[in-house]
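I'll drop the sequence and a predicted model, then ask my questions.
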Amino acid sequence: MDVPPRDPDEWTDEQWQEHLRSVADEDDAPPAEPGALQRAATSSLGTVLGAGMLGLERAMYGERPKDEVVAEAESDDPDRDLSRFDPDDPTSSVIHLVDDDRGGDPACWAHLFDEE
């Protein structure tokens, strides 16, 4: 079948249907077999060689620097004093969230953070 014309009105409905059937038949064709490079990359030998190359790169050039994400934000939240952040020991940092929907007063939690 020919390539569709630029002006769709040049073809009759029968010509369009025939063209669409021929294109649909092409889509139903089995996929082509993978090439040699793709077969080698997905084989166990290709996996071992790839891991070896990555290890060699790390040995020659060292570890890649990891991207660090730091997010800082200003806050005008009156409850921010209920949270403690310890830069020396982040595991001891405490963030306290107060559910205002319960009608609780955030100040009632202050006794939890009083230093003894």
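Good, I have the coordinates.

residues near Leu20, how many?
12 (other Cβ atoms under 10 Å). The way it works is simple: take the backbone N, C-alpha and C, and place the C-beta from them, glycine included.

Please disregard the earlier target; I meant His96.
Using other Cβ under 10 Å, His96 has 15 other residues around it.

Identify the residue nearest it in space, chain neighbours excluded?
Nearest non-adjacent residue to His96, counting by Cβ to Cβ, 6 or more residues apart in numbering: Leu82, 4.4 Å away.

What separation do you get for the one you found and Ser92?
Per Cβ to Cβ, to the nearest Å, Leu82 is found 15 Å from Ser92.

The two - which one has more neighbours?
Ranked by neighbour count (other Cβ under 10 Å), Leu82 and Ser92 place Leu82 first, with 18 against 9.

Tell me how far the more buried one lies from Ile95.
Leu82 is 9 Å from Ile95, by Cβ to Cβ.

what does the longest helix seen in the chain rub up against?
Assignment by DSSP state H gives helix 44-61 as the longest helix of the chain. Here helix 44-61 makes contact (Cβ atoms under 8 Å, 6 or more residues apart in numbering) with Ala40, Ala41.
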